[in-house]
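Undergrad: what would the 3D arrangement of this be:
(2 chains)
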Protein chains: 2
Amino acid sequence: MKIAYIGLGIMGKPAALNLLRAGYTVGVWARRVEATLPLVEAGATAYDTPAALAAAAEVVITNVADTADVEAVLLAENGVASGMARGGTVIDMSTIAPTKSREIAATLAQQGIDFLDAPVSGGEKGAIAGTLTFMVGGEQQVFARMQPLFAAMGETITYIGASGAGQVAKACNQIIIGATISGVAEAFRLAAANGVDLQQVRQALSGGFAASRVLEIHGQRMISGDYTPGFKAVLHKKDIGIALAEAAAAGMTLPSADIFMQRLQQLIDNEGGELDSAAVNKIVAQESL
Amino acid sequence: MKIAYIGLGIMGKPAALNLLRAGYTVGVWARRVEATLPLVEAGATAYDTPAALAAAAEVVITNVADTADVEAVLLAENGVASGMARGGTVIDMSTIAPTKSREIAATLAQQGIDFLDAPVSGGEKGAIAGTLTFMVGGEQQVFARMQPLFAAMGETITYIGASGAGQVAKACNQIIIGATISGVAEAFRLAAANGVDLQQVRQALSGGFAASRVLEIHGQRMISGDYTPGFKAVLHKKDIGIALAEAAAAGMTLPSADIFMQRLQQLIDNEGGELDSAAVNKIVAQESL
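TA: Numbering: from 1, shown residues only, chains lettered A, B, ... in the order given. Predicted structure coming up:
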């Protein structure tokens, strides 16, 4: 099967390499030609435009920064949609707004192109190891057809539901992680103020109902003060922003997500957005009445 | 070793029975004599006052409702302190304010009585099965001496640090669980509003960084709508209240804990406090801008 991959960043490059390793024919395009070189070296073919790339492929995978980038590579002049044959499939691994994702799916459907929203979690490590978690929205038969492709890049692959459902699940993922980071940071602050050893607290609580991956991994970051990402604050902010905008549009309030957002913003104002989002712990540690 | 057990409620009764099963001599006292009957039937001896009970014991364990009750059974007229010999040990399994716990420890120390704060998590099930999680504060050598006693009632037994540290760890536990419940409920609300199946979301997210016992267990309660406790809202509110009061006294704000507290209060106002605290999901589902 001929695959086209667009978005050869920190996640996309290793994911595309895993497709090559799995034996797929892979074509690539990138705004910066240099980004395609490691893939070409590994056996991929570079194309001049998304349209040319898509014309030579049965499946196009996009893995770019945000909604605007997805729309640009798919729908702009010389975009994927202008080159792809009817019956093709587009898989978007980017994290974007669910409503926008559904709009894109509808636009492509008019050209006879199937679309799956398939945002991931698992980070750079998961992309390299081929152990990404995929949350997939779209038609179930399209998902079934693409299953081997997902399996080449990931490990936990869940069909969530109709178009946009993958993006909704990803938003849920980011809300829960954020709220849990907030809770752990507040708990650690109370413990520190009482002179209690944080590592003892982390270990004791990991055996009970407070146990979580966040307490384990982000909690360890807070204790060591090593906020090497992991997942950058600026990206977590982008994702929580999507969730809050969707909620507001539906007349809902998400106060826990909102508090985490404010803390992320404060962190980014203070230190930029390159630290792991667990670094909101630094903000929590300073909050006063 | 002769143990005295005070507080034969939903947690205390099975814990005291486990001490009997482990071969300890157990004395009991309860405000309501009826509460002692199942223990007496199993081989315990009932006493007329906490003082008389303590006079016959090397170790007194308290497991009562709140700070006032702990102070009453230990320090009031005919209380434990008035009967206990020097060199005795008091273990408080109740969840109370860390500052009060330290005060009680200091008062008892003046009489030559050791004191450990040893709040638990694990619920009625854990108490019956002897798998409670203990978070212990006090002198480490006293903890070491009492280790076999803890092992008869629990499974995960962690010495946290100096007097009060066990109560601090318990407060941390309740904050983290509350913040995570808030996050899961907000995520589920967003998913439901988008017509996305909550069970699919729960399962997909349980494989990644959003994984937690709360997503697994409280998330399942939210999906099924079965809020049989588990851990009652009114008790979670009591515990978060302790954390917030301690924080406020230290000039700190804990916004995520505070939001959870407001939601608990709303739940209790609407439906009483007997449901599992995961039922704050019902409140989250109604919040609007």
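
Undergrad: for chain A, which strand is longest?
TA: strand A:154-161 (DSSP state E).

Undergrad: what helices or strands is that strand leaning on?
TA: strand A:132-137, helix A:140-153, helix A:165-193, helix B:198-205 (3 or more CB pairs under 8 Å, 6 or more residues apart in numbering or on different chains; DSSP states H and E). C-beta: built from backbone N, CA, C; applies to glycine.

Undergrad: with mean pLDDT added, can I get these in JSON lines?
TA: Formatted as JSON lines, these follow (pLDDT from 0 to 100):
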{"stretch": "strand A:132-137", "mean pLDDT": "96"}
{"stretch": "helix A:140-153", "mean pLDDT": "98"}
{"stretch": "helix A:165-193", "mean pLDDT": "98"}
{"stretch": "helix B:198-205", "mean pLDDT": "96"}
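
Undergrad: redo those as JSON lines? Include distance to A:G272 and mean neighbour count.
TA: Listed next are the helices and strands packed on strand A:154-161 as JSON lines, based on distance: least, CB to CB, whole Å; neighbours: other CB atoms under 10 Å in any protein chain shown:
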{"stretch": "strand A:132-137", "distance to A:G272": "26", "mean neighbour count": "29"}
{"stretch": "helix A:140-153", "distance to A:G272": "30", "mean neighbour count": "17"}
{"stretch": "helix A:165-193", "distance to A:G272": "18", "mean neighbour count": "29"}
{"stretch": "helix B:198-205", "distance to A:G272": "29", "mean neighbour count": "22"}
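
Undergrad: about what we covered before: can you list contacts of the longest strand of chain A?
TA: Residues outside strand A:154-161 that contact it (CB atoms under 8 Å, 6 or more residues apart in numbering or on different chains): A:120, A:122, A:126, A:130-137, A:140, A:143, A:147, A:150-151, A:166, A:168-169, B:195-197, B:200-201, B:203-204, B:207-208.

Undergrad: parallel or antiparallel, list what pairs with that strand.
TA: Within its sheet, strand A:154-161 is paired with strand A:132-137 (parallel), according to DSSP bridges.

Undergrad: of all the helices and strands packed on strand A:154-161, which one is nearest B:F115?
TA: Nearest to B:F115 among the helices and strands packed on strand A:154-161 is helix A:165-193 (20.2 Å), distances taken as CB to CB.

Undergrad: the closest one near chain B at all?
TA: Yes - against chain B, helix A:165-193 shows contacts by CB under 8 Å from any CB of the partner chain at A:165, A:168-169, A:171-173, A:175-180, A:182-184, A:186-191, A:193.

Undergrad: direction-wise, compare that helix with strand A:132-137 and give the angle.
TA: Counting by axes from the mean of the first three to the mean of the last three CA atoms, to 10 degrees, helix A:165-193 points 130 degrees away from the direction of strand A:132-137.

Undergrad: work out the gap between helix A:165-193 and the centre of the chain.
TA: A distance of 16 Å separates the centroid of the chain from that of helix A:165-193, by CA atoms, centre = their mean, to the nearest Å.

Undergrad: could you do stretch A:43-50 as well?
TA: That offset, for stretch A:43-50, works out to 24 Å (CA atoms, centre = their mean).

Undergrad: can you check stretch A:124-142 too?
TA: 10 Å.

Undergrad: quick one on the thing from earlier: any chance of the helices and strands packed on strand A:154-161 in JSON lines, plus distance to A:A247?
TA: Converted to JSON lines, the helices and strands packed on strand A:154-161 look like this (distance: least, CB to CB, whole Å):
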{"stretch": "strand A:132-137", "distance to A:A247": "18"}
{"stretch": "helix A:140-153", "distance to A:A247": "26"}
{"stretch": "helix A:165-193", "distance to A:A247": "9"}
{"stretch": "helix B:198-205", "distance to A:A247": "15"}
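
Undergrad: quick check: which of those is nearest to B:D69?
TA: Of all the helices and strands packed on strand A:154-161, it is helix A:165-193 that lies closest to B:D69, at 23.3 Å by CB to CB.
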